[in-house]
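> Give me coordinates for this.
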Amino acid sequence: MFIGQKIKKIRELKNLTQDYMASQLGLTQSAYSKMESGEMDIPYTRVEDIARIFTIKPEEIITFNENMVFNLMHNQNASGFVINQTADTEKKLYEDQIAFLKEEISYLKSVITKLMAQ
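Residues are numbered from 1 along each chain as shown. You can find the predicted model right below:
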């Protein structure tokens with residue numbers, strides 16, 4: 001499996017689109033697609049940028065093994081794989097966003113109540 005295929009598999013596991021990745025990297029979707037398909041070489045600095053978006057280390061992209069991911073998913077004793085850690089990080093971000101939105105809703109309800117009382 002070449003590096004572009006590994007990037008594609010990780011992107012799909014993280015449920016990210018090519019459009020999203022391209023925009024984060026300052027590329028067109030077409031140029032990004034060429035990286036994943038192997039039509040364009042990917043310099044290490046670009047792998048570092050992609051790793052930052054995935055919130056993993058560049059080495060984890062390079063050494064990514066699709067079979068290992070699926071084996072870990074089916075092994076209840078497996079732990080510490082970066083995809084699982086990333087899910088926890090993303091969960092925390094969503095929880096923080098939800099808390100913020102709840103506060104904003106509460107504030108807006110109070111504003112509406114005050115306006116209706118006038």
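> who touches stretch 45-52?
Applying Cβ atoms under 8 Å, 6 or more residues apart in numbering, the external contacts of stretch 45-52 come out as 3, 7, 21, 25, 35, 57, 58, 60, 61, 62. (C-beta placed from N, C-alpha, C; glycine too.)
> Contact partners for the first one?
Residue 3 is in contact with 42, 47, 61, 62, counting by Cβ under 8 Å, 6+ apart.
> still on that earlier bit, derive a ChimeraX selection command for the buried subset of the contacts of stretch 45-52.
A single ChimeraX command selects the buried members of those (16 or more other Cβ atoms under 10 Å):
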select :3,7,21,25,35,58,60,61
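> Dump the contacts of stretch 45-52 into JSON lines; add secondary structure as well.
JSON lines is the format used below for those (DSSP: H, G, I helix; E, B strand; the rest coil):
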{"residue": "3", "secondary structure": "helix"}
{"residue": "7", "secondary structure": "helix"}
{"residue": "21", "secondary structure": "helix"}
{"residue": "25", "secondary structure": "helix"}
{"residue": "35", "secondary structure": "helix"}
{"residue": "57", "secondary structure": "coil"}
{"residue": "58", "secondary structure": "helix"}
{"residue": "60", "secondary structure": "helix"}
{"residue": "61", "secondary structure": "helix"}
{"residue": "62", "secondary structure": "helix"}
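> Turn the contacts of stretch 45-52 into a markdown table, including pLDDT.
Converted to a markdown table, those look like this (pLDDT from 0 to 100):
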| residue | pLDDT |
| --- | --- |
| 3 | 93 |
| 7 | 95 |
| 21 | 97 |
| 25 | 97 |
| 35 | 96 |
| 57 | 92 |
| 58 | 92 |
| 60 | 90 |
| 61 | 92 |
| 62 | 90 |
